[in-house]
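>>> here's my sequence, what's the structure:
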Amino acid sequence: MSEPGRAGWTPPLEIGIARPLPLGGLVRGGWSLGEGDGTAEGLPFPGLFASRRALAAYDSLTISPGIISPHSDLRDGLTQVEPAPLVYPGGKPRSVFGAGLGDFGVNESLLSADRGDARGHVHIEVRDGNRAAAGPYGLAARHLWSVGLAKGFGANEFSIIFRQTGLAAEMLAGEHQSGRGASGVLGWQWKGSAWSSSARLSRQWDEHESYGGTLDPLSHRDAQDVRAFGTLEHASGEQRFGAGVDWSRSRVVRSGGDAFEATSEDAWVKAWWNRQTARRHDEVEVGWGHSGGSDEYGAAPRARVEWTLDRSRLSVWGARVLTPAWADLAPGQRPFLQSTWALGADAQAGSNTSNASLSLIAGRTQDRILLARLPLEEEWLREGQGRDPDPWEFGVVVARVRRTMGRWLAIGEGSATIRDDSSVQARVDPALTGRLEADYLFKAFKGDLAVRVGAQLDGIGPRQTDEAVPQDLSAITTFGMTLGLAISEFVVTIRARDLENRIYEDVWIDPTTGRPARGLGREIMMSVACKIFN
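Predicted coordinates for the structure are as follows:
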């Protein structure tokens, strides 16, 4: 999602660093990031964005432009990112061990365990990591642990999930931040022959503390969100239709520097219709509700049609997405509601040896939310959410081609963003990014060891610094290599990026030099992942 050639490119994410993820110039309302288990992660915005579940704990991620999401309320986005559902073969236990070591003192570990079947499941996960000082970044660390349990009783299933997380990071210029938080969910589902229903209660809280350098004076931020969500659905042959109700109450209080207090009580109702045949899938949804924080009402319709034939797929969609901004506002900014109308298309075709995909999004946003591209959450939160006074028109094109030729695998990815010029923010995101990759795959030791040797060429288009009088930053071309070794479910990956060891400039200004911040140069990482069944 954030790699070169993809729509959400950002500079490499280091431990403790969390920048806003853009999509077509939208830092909110573009991506909708879910955890796949209904937890209220990221609420109130942004939660603890720099400390989320590890990718290795999932089987895979699904990135779906325009799809109707599980919530589709005032925290929705144009593109849904959700973990693929776990599969429990025969109810056997499934464990994942992961570890990462690398330059700049990076040290991470993960342990995840699951067991389940149609009658219920249990999930346990523990993750921690730290990083030494490097470049403009100081020490950083994060941790996360979670436990979930679901149990079926006839047609009913009850579930409970609890997750706790924390982080700390500093900059060599003197800025420090720390944060911790927790979230919990109580859920219930009922499935009959034609009708089904669900209810979910969730709560999340988090607290941030920051001080030093540009973050003086000391500031403390407390946030919490309480949410109730319920659905009722009827299935008849190829069709399903249903309705849902979502209510939430959120509160954010900052004391010390940049003090404020804000609350938002939101209510959202929606209805949907869904029809699926062997080769066509139709979805229509209409939502309407009130954002208490911005004190505005709004409707958000969404429609999508998908056709499939063998290995080919084509979908077209249209949607309106509403995103309220009511806390952590820029000085003098009143609460407001961002509104985006968008159309999109997504196509994919392929064979056993090759495939290609193309995604298109075109949209117009009124009252676009603006955030500074600073490395620490507390830096851009305390600077505040701004509002673009001008309408924002944008287009996003993402293409990917994959071809297998014997033992060789070639991959090409590219993204382009077509956008307006803004009178209040420079072009801090590149209009073009791309990646070319060539891999050689073979097996050794009588086929027990699978080996993948790859080389990458990444390109990042020109950008501008995020300041009142922006400076132009040149385009970037960088090289990387990857070595992958796999024995059954035990996988070792060694990755080197920026092999030319050039120090590239970033869009934020380093207060110690008054110049664009400098990157870290060449980095070599080794990761280990092992899945164990039974």
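
>>> all contacts plus neighbour counts: C-alpha atoms, from now on.
Will do.

>>> so how far is K92 from E383?
According to C-alpha to C-alpha, to the nearest Å, E383 and K92 sit 49 Å apart.

>>> do G230 as well
31 Å.

>>> more neighbours: these two, which one.
G230 (18 against 15; other C-alpha atoms under 10 Å).

>>> can you check the pLDDT for the residue located most distally from the centre of the chain?
Largest separation from the mean C-alpha position in the chain: K446, at 40.0 Å (C-alpha atoms, centre = their mean). Predicted confidence (pLDDT) for K446: 87.

>>> report the buried residues of stretch 302-319.
For stretch 302-319, the neighbour count (16 or more other C-alpha atoms under 10 Å) marks 302-308, 313-319 as buried.

>>> start and end of stretch 326-346, how far apart?
Per C-alpha to C-alpha, the first residue of stretch 326-346 is 33 Å away from its last.

>>> mind listing what's buried in it?
326-330, 335-346.

>>> ok so, going back, roughly how far apart are the residue farthest from the centre of the chain and I487?
12 Å.

>>> tell me how far stretch 480-493 lies from the chain's centre.
How far stretch 480-493 lies from its chain's middle: 25 Å, per C-alpha atoms, centre = their mean, to the nearest Å.

>>> pLDDT of it, averaged?
94.

>>> could you dump it to PDB, C-alpha only?
Taking Å, rounded to 0.1, in the frame of the first residue of the first chain, the C-alpha atoms of stretch 480-493 are listed here in PDB:
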ATOM      1  CA  GLY A 480      17.200  -2.700  -3.700                       C
ATOM      2  CA  MET A 481      17.700  -6.500  -3.500                       C
ATOM      3  CA  THR A 482      15.800  -9.300  -1.800                       C
ATOM      4  CA  LEU A 483      16.800 -12.800  -0.800                       C
ATOM      5  CA  GLY A 484      14.000 -15.100   0.300                       C
ATOM      6  CA  LEU A 485      14.500 -18.600   1.800                       C
ATOM      7  CA  ALA A 486      11.600 -20.900   2.600                       C
ATOM      8  CA  ILE A 487      11.400 -24.400   4.100                       C
ATOM      9  CA  SER A 488       7.700 -25.300   4.300                       C
ATOM     10  CA  GLU A 489       6.200 -22.600   6.500                       C
ATOM     11  CA  PHE A 490       9.500 -21.200   7.700                       C
ATOM     12  CA  VAL A 491      10.500 -18.100   5.700                       C
ATOM     13  CA  VAL A 492      13.600 -15.900   6.000                       C
ATOM     14  CA  THR A 493      13.700 -12.700   4.000                       C
END
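
>>> show me the contact partners of it.
With contact meaning C-alpha atoms under 8 Å, 6 or more residues apart in numbering, stretch 480-493 is reached by 448-458, 494-499, 526-532.

>>> please narrow those to those residing in strands.
Of the positions in the contacts of stretch 480-493, 449-458, 494-497, 526-532 sit in strands, assigned by DSSP state E.

>>> from those, which would you call buried?
450-458, 494-497, 526-531.

>>> so where's the chain uncertain?
1, 4-5, 13, 35-41, 50-60, 68-74, 84-91, 534 (pLDDT under 70).

>>> going along the chain, name the helices of it.
Under the criterion DSSP state H, the chain contains helices at 377-383.

>>> related to what we said a few turns ago, what sits against the residue farthest from the centre of the chain?
With C-alpha under 8 Å, 6+ apart, K446 has no contacts at all.

>>> one step back: what is the most widely separated pair among the buried residues of stretch 302-319?
Maximum pairwise distance in the buried residues of stretch 302-319, criterion C-alpha to C-alpha, is 21.3 Å, between T308 and A319.

>>> picking up where we left off before, any chance of the buried residues of stretch 302-319 in TSV, with distance to L43 too?
Formatted as TSV, the buried residues of stretch 302-319 follow (distance: C-alpha to C-alpha, whole Å):
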residue	distance to L43
R302	23
A303	26
R304	27
V305	30
E306	31
W307	35
T308	36
R313	34
L314	33
S315	31
V316	30
W317	27
G318	26
A319	23
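
>>> and of these, the nearest to V252?
Nearest member of the buried residues of stretch 302-319 to V252, counting by C-alpha to C-alpha, is A319, at 29.3 Å.

>>> the nearest residue to that closest one once chain neighbours are set aside and A342, how far apart?
Nearest in space to A319, with sequence neighbours left out and distances taken as C-alpha to C-alpha, 6 or more residues apart in numbering, is R302 at 4.2 Å. R302 sits 10 Å away from A342, taking C-alpha to C-alpha as the criterion.

>>> and for those two, which residues touch both?
G318, A319, R320.

>>> need the residues you listed in TSV (columns: distance to P12).
Output for the shared contacts of R302 and A342, formatted as TSV (distance: C-alpha to C-alpha, whole Å):
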residue	distance to P12
G318	32
A319	31
R320	31
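
>>> just those now: which is nearest F49?
For the shared contacts of R302 and A342, the nearest to F49 is R320 (24.7 Å; C-alpha to C-alpha).

>>> burial count for the closest one?
With other C-alpha under 10 Å as criterion, R320 counts 24.

>>> ditto for D448
11.

>>> same thing with T277?
T277 has 12 nearby residues by other C-alpha under 10 Å.

>>> leaving out sequence neighbours, find the closest residue to it.
That would be E238: by C-alpha to C-alpha, 6+ apart, it lies 6.3 Å from T277.

>>> how about P65?
T79 (4.1 Å).

>>> make sure the one you found is actually in contact with G66.
Yes: the pair T79 / G66 is scored as a contact, 5.7 Å apart, by C-alpha atoms under 8 Å.
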